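>>> Coordinates for the following, if possible.
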Amino acid sequence: MSLGEGSVRHRMLDVGDVTLHVAEQGSGVPVVMCHGFPGLWYSWRHQLPALAAAGCRAIALDMRGYGRSGSPRSPEEYDRRRTTGDLVGVLDALGIDEAVFIGHDFGAALVWDMPQWAPGRVKALIQLSVPRVPVSKRSPSELYALAAERHFLHTHYFQKKGPADEELAGDPGRFLANVFWALSGGYRYLDIWRHSSDGNGYLDVLPEAPPLPWPWLTEGELAYYVAEFERTGFTGGLNWYRAGDHVWREKQARPDEPVTVPTLFVVGDRDPVREIMGAGAGDSMADLVPGLRGVHVIEGAGHFVQMEAPGEVNAAMLAFLAGIR
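The predicted structure follows:
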């Protein structure tokens, strides 16, 4: 591990229907970090000490379904009401009125909704990789199924409970290394789309990762992820994908409102999300995110930008935070 356990405070918080594990470092302005798939609190290992040194109370979560946190079995229990409730519960348990929220991947999708679902609790947002986009008129599962008719799509493969859970849990080390590599700036993730959905699992289409260490991931760092997912399996994380239609239905009844709190968006220029949505997706959020203060594009970085380019990500975060205090 690249930061010592002694420098980080770990605790379990009862936030309602689940108990969440949080890792904290420093004191001052509260900054809550929310990871995506397949992440852990440890995905913010480079941000915790940097934020703490800058006078922040850095708080990294194991999100619902991951790591040491509670992992409900039903995808319905990962809907937006419950997941925003988790973050409000963390603030309440820690005696925090208002916090800056940082999100990545599914964590970003959740954090985009926090100003609307938890008004008065959000000071600002820092969002990584996933821009805010309008809610589709068609459900996620329907769109995934249509795309899967043309090529392999992991979001469609993950919808059915069982096959993906068993495949990924069968070899966590191989899966984690391969997916980290495939989504990084060192590989073009969309190349897996040349494979068909028919008869293929995720490990059948992911590239085999080169040997560690890489410039941004060591054997010891990967081993931390492997040990956690060997213990928990991947069903909790996969349930965030399976909850997509539940969240979509909630949003049909509760349409998105503009995000007006100060917001920074950070993305790697080789992130496959950026390639799918278009290079200008971050800049085109003006109507949806009138609070957007800037878009920071990091050359050579892929999807796991906070791990691949921690120095540049941290510098962008700290400059933004200095401007909103």
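
>>> Okay, and Leu212 sits in which element?
In the assignment (DSSP states H and E), Leu212 maps to no helix and no strand.

>>> And for Ala52?
Per DSSP H and E: helix 47-53 holds Ala52.

>>> can you list contacts of the helix or strand that comes right after that helix?
Per DSSP H and E, helix 47-53 leads on to strand 56-61 as the next helix or strand towards the C-terminus. Contacts to strand 56-61, defined as Cβ atoms under 8 Å, 6 or more residues apart in numbering, come from residues 20-35, 41-44, 47-49, 51-52, 69, 90, 94, 99-100, 321. C-beta: built from backbone N, CA, C; applies to glycine.

>>> Please, a PyMOL command that selects the buried ones among those?
This is the PyMOL syntax for the buried subset of the contacts of strand 56-61, where burial follows 16 or more other Cβ atoms under 10 Å:
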select buried, resi 20+21+22+23+24+25+26+29+30+31+32+33+34+35+41+42+43+44+47+48+49+51+52+69+90+94+99+100+321
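
>>> Strands - which of the contacts of strand 56-61 land there?
Of the positions in the contacts of strand 56-61, 20-25, 29-34, 99-100 sit in strands, assigned by DSSP state E.

>>> Return the member of these nearest to Arg293.
Nearest to Arg293 out of the ones in strands among the contacts of strand 56-61 is Val100 (Cβ to Cβ; 12.5 Å).

>>> can you pull the contacts of the residue nearest to His21 when sequence neighbours are not counted?
Leaving aside its chain neighbours, His21 sits nearest to Arg68 (3.6 Å; criterion: Cβ to Cβ, 6 or more residues apart in numbering). Residues near Arg68 by Cβ under 8 Å, 6+ apart: 12, 21, 62.

>>> Now render the residues you listed as JSON lines, adding pLDDT.
JSON lines is the format used below for these (pLDDT from 0 to 100):
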{"residue": "Met12", "pLDDT": "98"}
{"residue": "His21", "pLDDT": "98"}
{"residue": "Asp62", "pLDDT": "98"}
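
>>> Wasn't Leu13 part of a strand?
Yes: assessed by DSSP: H, G, I helix; E, B strand; the rest coil, Leu13 belongs to a strand.

>>> Tell me how far the most centrally placed residue in the chain lies from Leu183.
The structure's the chain has its C-alpha centroid closest to Gly36; by Cα atoms, centre = their mean the separation is 2.3 Å. From Gly36 across to Leu183, the span is 11 Å (Cβ to Cβ, to the nearest Å).

>>> re the thing from before, state the distance from the residue nearest to the centre of the chain to Pro213.
Using Cβ to Cβ, Gly36 is found at 23 Å from Pro213.

>>> shaky segments in the stretch 101-250 of the chain?
Counting by pLDDT under 70, not a single residue of the stretch 101-250 of the chain qualifies.

>>> how close does Phe43 sit to Leu128?
Careful, residue 43 is Ser; it's not Phe. On the measure of Cβ to Cβ, Ser43 and Leu128 end up 10 Å apart.

>>> Glu24 is in contact with Ser7, correct?
No: in this structure, Ser7 is not within contact of Glu24 by Cβ atoms under 8 Å, at 10.3 Å.

>>> Wait, Pro75 touches Ala243, no?
Yes: between Pro75 and Ala243 there is a contact under Cβ under 8 Å: 4.6 Å.

>>> What residues does the closest residue to Asp271 other than its chain neighbours make contact with?
With sequence-adjacent residues excluded and distances taken as Cβ to Cβ, 6+ apart, Asp271 is closest to His303, at 4.8 Å. By Cβ under 8 Å, 6+ apart, the contact list for His303 reads 105, 129, 183-184, 189, 268, 271-273.
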